[in-house]
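I'll drop the sequence and a predicted model, then ask my questions.
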Amino acid sequence: MDKNTIIWTRSADDFQDDQRLFGHWRPYVLHLPCIRSQGLETALISQSLKVFTFNDPFAAYEKVVILTSWRAAHYALAHPELAKLMAQARLFCFGAKTKAFLDERSCVVACLENVHNASEIPQALRKFLRPEKTFILLPGPKLRAYPLEAALRRDGYTTLAIDIYETIPLLRRGDSSVPNESEKQELIQTLTGFVFFASPSACQGFVDFFCPQNNRLSEVLVAFSLGQTTGEYCRKYFSRICVAKQQDIKSAFAEITTLFAQNIKNPL
């Protein structure tokens with residue numbers, strides 16, 4: 001019998017908060033974390049930071065650091081040089097979780113209001129910063145779901161994206177165990193519904209384990225992505241793609257459940 005399911009591929013750390021959104025949909029959600037994260041070498045980060053200085057040729061520029069997730073904040077603060085720089089620069093973030101994480105660590109940070117995803121940051125910054133006199137540092141993952149640096153440069157800002165951690169494609173259960181071959185084959189033969197990907201890495205973790213392009217999953221699952229970059233990545237492996245209209249987790253889940261409810265009544 002097919003299992004009509006919402007497959008949630010976000011990490012175990014993210015799931016602690018995500019599950020608060022599920023409500024009465026919880027019985028339909030199958031959590032299969034498809035990524036984990038790890039920090040990059042300190043020496044590589046230090047080398048990159050040499051460009052972002054308080055000396056010439058950018059001495060007169062306002063120095064700004066933008067953190068787009070609590071995970072970026074976690075790895076940034078773990079690097080002594082970057083943490084010191086953050087204390088000297090003007091610090092921005094978005095999202096309640098990231099703001100709370102930084103507040104708990106006594107960081108002076110402004111949370112961008114009415115910003116739900118990275119694509120909305122450039123417009124929000126225009127209220128505070130003059131592009132011709134601002135140098136923005138963007139600490140984040142090696143593989144980014146949205147090209148924020150390019151968007152800010154189009155607006156005239158001087159920017160530097162520094163890779164401080166990487167997301168590693170790796171499927172596990174919520175308890176960190178790996179489904180055995182029998183369980184894997186049962187899932188391949190019975191799953192249907194939606195699979196949610198918040199990043200290309202999560203999609204790759206799912207693909208590495210299930211190889212949907214070689215079985216029924218590429219046809220029976222709708223890949224629901226957070227952002228166009230992730231959506232384009234999903235197109236390599238799934239025949240049906242939906243891209244979230246609003247690129248924040250809460251809105252994306254609401255959109256998935258609307259489609260999921262319609263699918264239960266009228267199977268795709």
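Great, that's in hand.

Could you measure from His218 over to Phe206?
Check again: residue 218 is Ser, not His. 11 Å (C-beta to C-beta, to the nearest Å). Quick note: C-beta positions are derived from backbone N, CA and C, even for glycine.

in terms of contact, does Lys245 touch Thr258 like I think?
No. Applying C-beta atoms under 8 Å as the test, Lys245 and Thr258 come out as separate, 10.7 Å apart.

where does Pro57 land on pLDDT?
In this model, Pro57 is scored at 72, pLDDT.

give me the low-pLDDT residue ranges for this structure?
1-2, 52-56, 264-268 (pLDDT under 70).

According to the record, where do the domains of it fall?
According to automatic domain parsing, the chain comprises the domains 3-34+170-265, 39-168.

how about these in JSON lines, adding mean neighbour count?
Below are those laid out as JSON lines (neighbours: other C-beta atoms under 10 Å):
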{"stretch": "domain 3-34+170-265", "mean neighbour count": "18"}
{"stretch": "domain 39-168", "mean neighbour count": "17"}
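
And the closest residue to Arg172 other than its chain neighbours, its phi and psi?
Computed as C-beta to C-beta, 6 or more residues apart in numbering, the closest residue to Arg172 that is not its neighbour in sequence is Pro33, at 5.4 Å. Main-chain torsions, Pro33, degrees, to the nearest 10: phi -60, psi 130.

cool, and the one 3 residues further on?
Backbone torsions of Arg36, given as degrees, to the nearest 10, read phi -140, psi 160.

partner strands of the longest strand that the chain contains, parallel or antiparallel?
For the chain, the strand with the greatest residue count under DSSP state E is strand 158-169. Taking DSSP bridges as the criterion, strand 158-169 sits next to strand 35-39 (antiparallel), strand 134-141 (parallel) in its sheet.

Let me have those in a markdown table, adding distance to Ala202 as columns.
Shown next, in a markdown table, are these (distance: least, C-beta to C-beta, whole Å):
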| stretch | distance to Ala202 |
| --- | --- |
| strand 35-39 | 5 |
| strand 134-141 | 12 |
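
all helices of the stretch 101-250 of the chain, in order?
Here the stretch 101-250 of the chain has its helices, by DSSP state H, counting those that start in this stretch, at 121-125, 148-154, 181-190, 200-210, 217-220, 228-234, 249-265.

could you dump those helices to a markdown table with distance to Thr167?
As requested, the helices of the stretch 101-250 of the chain are exported to a markdown table (distance: least, C-beta to C-beta, whole Å):
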| stretch | distance to Thr167 |
| --- | --- |
| helix 121-125 | 20 |
| helix 148-154 | 16 |
| helix 181-190 | 22 |
| helix 200-210 | 4 |
| helix 217-220 | 22 |
| helix 228-234 | 12 |
| helix 249-265 | 16 |
